[in-house]
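# build me a model:
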Amino acid sequence: MPRFSFFILLNVFSCALFAQAKNDTIAAKYWKDPKYKAANTAANIAKLGEEEKLVYYYLNLARMNPPLFAKTYVAAQMKKHLQEVGEESEYERSLYDTLLKMAPRPLLEYDSVEHRSAICLAEELNRENRFSHERTNCKDNRGYECCSAGRSSALDIVMLLLVDVGYLDADHRRICLLPANTRLGVAIGPHPKWKTIAVLDLN
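Predicted coordinates:
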């Protein structure tokens with residue numbers, strides 16, 4: 001399988017995360033256990049924007065307790081999709097079933113090399129008005145990479161990659177949940193066509 005694939009409370013750690021927790025009724029209701037504070041591995045990284053920090057948070061929640069993530073965030077998306085479309089999404093169901101059976105994964109930690117790699121590609125894609133993993137001048141970090149387009153909030157980005165609509169092999173999901181991946185760099189930036197793109201580089 002190719003290493004690259006196309007296409008992210010009781011304790012508060014920053015004002016932005018506090019605001020997110022207040023607005024995130026699922027986190028407030030089901031993720032109140034103090035142990036989940038460990039999911040905010042990037043909360044104190046000044047180089048990251050608040051939504052970039054929250055990509056770590058939501059991905060780490062999915063990795064810390066996959067069944068609970070399925071029963072909360074994924075279930076909520078499935079319910080919304082059913083109400084809007086009138087039928088269940090096979091991709092959301094696949095994610096739900098996968099997470100229910102999945103054991104916890106190690107947390108993803110901030111990595112400056114992966115961060116620079118993600119920033120470089122995000123800026124390059126913006127300048128060149130394209131969307132791909134091809135790097136014109138950026139160095140190849142030779143790890144795993146996921147990209148999303150058109151989503152600006154961390155939760156939307158994470159859910160887009162985990163649901164992975166259109167990819168029956170669920171490669172983005174596999175990359176985001178791979179136990180061997182423990183280092184992550186996230187860059188969310190503007191794009192002429194897609195308005196917002198996100199690049200996640202993992203190793």
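# in the protein, which residue sits furthest out from the middle?
Most distant from the centre of the chain: Gly86, at 26.4 Å, with distances by Cα atoms, centre = their mean.
# now the protein, which segments are flagged as low pLDDT?
Applying pLDDT under 70 to the chain picks out residues 1-23, 141-142, 167-169.
# please verify my assumption that Glu145 contacts Asp201.
Yes. At 5.3 Å, Glu145 counts as touching Asp201 under the criterion of Cβ atoms under 8 Å. C-beta: built from backbone N, CA, C; applies to glycine.
# mind listing the shared neighbours of these two?
Shared contacts of Glu145 and Asp201 (Cβ atoms under 8 Å, 6 or more residues apart in numbering): Leu121.
# what sits against Pro104?
Residues counted as contacts of Pro104 (Cβ under 8 Å, 6+ apart) are 63-66.
# surely Cys146 is in a strand?
Yes. The assignment for Cys146 (DSSP: H, G, I helix; E, B strand; the rest coil) places it in a strand.
# could I get the full set of strands for this protein?
109-110, 144-149, 183-191, 195-202 (DSSP state E).
# CA-only coordinates of the second one in CSV, if you can.
Extracted as CSV, the C-alpha positions of strand 144-149 are listed here (Å, rounded to 0.1, in the frame of the first residue of the first chain):
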residue,chain,number,x,y,z
TYR,A,144,3.0,9.7,5.9
GLU,A,145,0.9,12.5,4.7
CYS,A,146,-2.8,13.4,4.7
CYS,A,147,-4.4,16.5,3.1
SER,A,148,-7.9,17.9,3.3
ALA,A,149,-9.5,20.7,1.4
